[in-house]
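Q: Pasting a predicted model and its sequence here:
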Amino acid sequence: MEQETVTLINDLREHRPAACQRLFTEYGPMVFRMVQRIVTRREDAEEVYQDVFFKALRGIDGYDSRQATLATWLGRIAYHESLNFVRGKKPTLLYIEDSDQGPDILEAPDDAPQDEETIRQLEQALAMLPPHEQTIVSMFYYDNMSLADIAFVTGSIPSTVGSQLSRIRKKLYRIIKTL
């Protein structure tokens, strides 16, 4: 772990205000993006964002750098706080049955046409997924997180995340075919 991060964590544990500000500045945008992927209404996302940092600051003594980076640890808190918020709101979701049919789309993005219509359909299909699945896709493809980091964030194991990604890709394929 970098010395700057070690210093930040120690300062946070000693409740130094400058450390809190640095935590918000360095990790705030990443946390807010993750929250907003799950909690789409901005006002709600801002509330969850504040809850994430409150929980992180309150639990900083429990942070273990051997388990995950500080960013991944904050991502885990953001993920769970966001899902808890959404579960409390009981959103209406489109249910698409999982099956093992259809090609594994998104596996080789260089082979897929990248025209505006394809991108629009993919964005529509992503919006139809449950928040948990949207977040896994976002972490893997947009944030370039490893399966191990996603597994830590979601409280899973890397092989399970890999299987989930495969099922989600197939589900996206089926959704796009119906659009």
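A: Yep, it's here. Residues are numbered from 1 along each chain as shown.

Q: List every C-alpha atom in the worst-scoring helix or strand of the chain on mean pLDDT, with coordinates, as PDB.
A: Ranked by mean pLDDT, DSSP states H and E, the helix or strand of the chain with the weakest confidence is helix 116-127, at a mean of 84. Only the C-alpha atoms of helix 116-127 are listed here, as PDB (Å, rounded to 0.1, in the frame of the first residue of the first chain):
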ATOM      1  CA  GLU A 116     -25.200   4.600 -32.400                       C
ATOM      2  CA  GLU A 117     -28.100   2.200 -32.700                       C
ATOM      3  CA  THR A 118     -26.200  -0.700 -31.100                       C
ATOM      4  CA  ILE A 119     -25.100   1.600 -28.200                       C
ATOM      5  CA  ARG A 120     -28.600   2.900 -27.700                       C
ATOM      6  CA  GLN A 121     -30.000  -0.700 -27.600                       C
ATOM      7  CA  LEU A 122     -27.300  -1.800 -25.200                       C
ATOM      8  CA  GLU A 123     -28.000   1.200 -22.900                       C
ATOM      9  CA  GLN A 124     -31.700   0.400 -23.000                       C
ATOM     10  CA  ALA A 125     -31.000  -3.300 -22.200                       C
ATOM     11  CA  LEU A 126     -28.700  -2.300 -19.300                       C
ATOM     12  CA  ALA A 127     -31.500  -0.100 -17.900                       C
END
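
Q: Tell me the helices and strands packed up against the particular helix or strand that has D44 in it.
A: Secondary structure from DSSP states H and E places D44 in helix 42-58. Counting contacts by 3 or more CB pairs under 8 Å, 6 or more residues apart in numbering; DSSP states H and E, helix 42-58 packs against helix 17-38, helix 70-89. For every residue, glycine as well, the C-beta is placed using N, CA and C.

Q: Which one of the ones you listed lies nearest to L122?
A: helix 17-38 (14.8 Å; CB to CB).

Q: Just the buried residues of the closest one, please?
A: For helix 17-38, a neighbour-count test (16 or more other CB atoms under 10 Å) marks 19-20, 22-23, 27, 31-38 as buried.

Q: can I get the helices and strands packed on helix 42-58 in CSV with distance to R120 and mean pLDDT?
A: As requested, the helices and strands packed on helix 42-58 are exported to CSV (distance: least, CB to CB, whole Å; pLDDT from 0 to 100):
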stretch, distance to R120, mean pLDDT
helix 17-38, 18, 93
helix 70-89, 25, 91
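
Q: what about P131, neighbour count?
A: Under the neighbour criterion other CB atoms under 10 Å, P131 is assigned a count of 19.

Q: Which residue is the nearest non-sequential neighbour of it?
A: I38 (4.3 Å; CB to CB, 6 or more residues apart in numbering).

Q: got a list of what that neighbour touches?
A: 79, 82-83, 85-86, 131, 134-135 (CB atoms under 8 Å, 6 or more residues apart in numbering).
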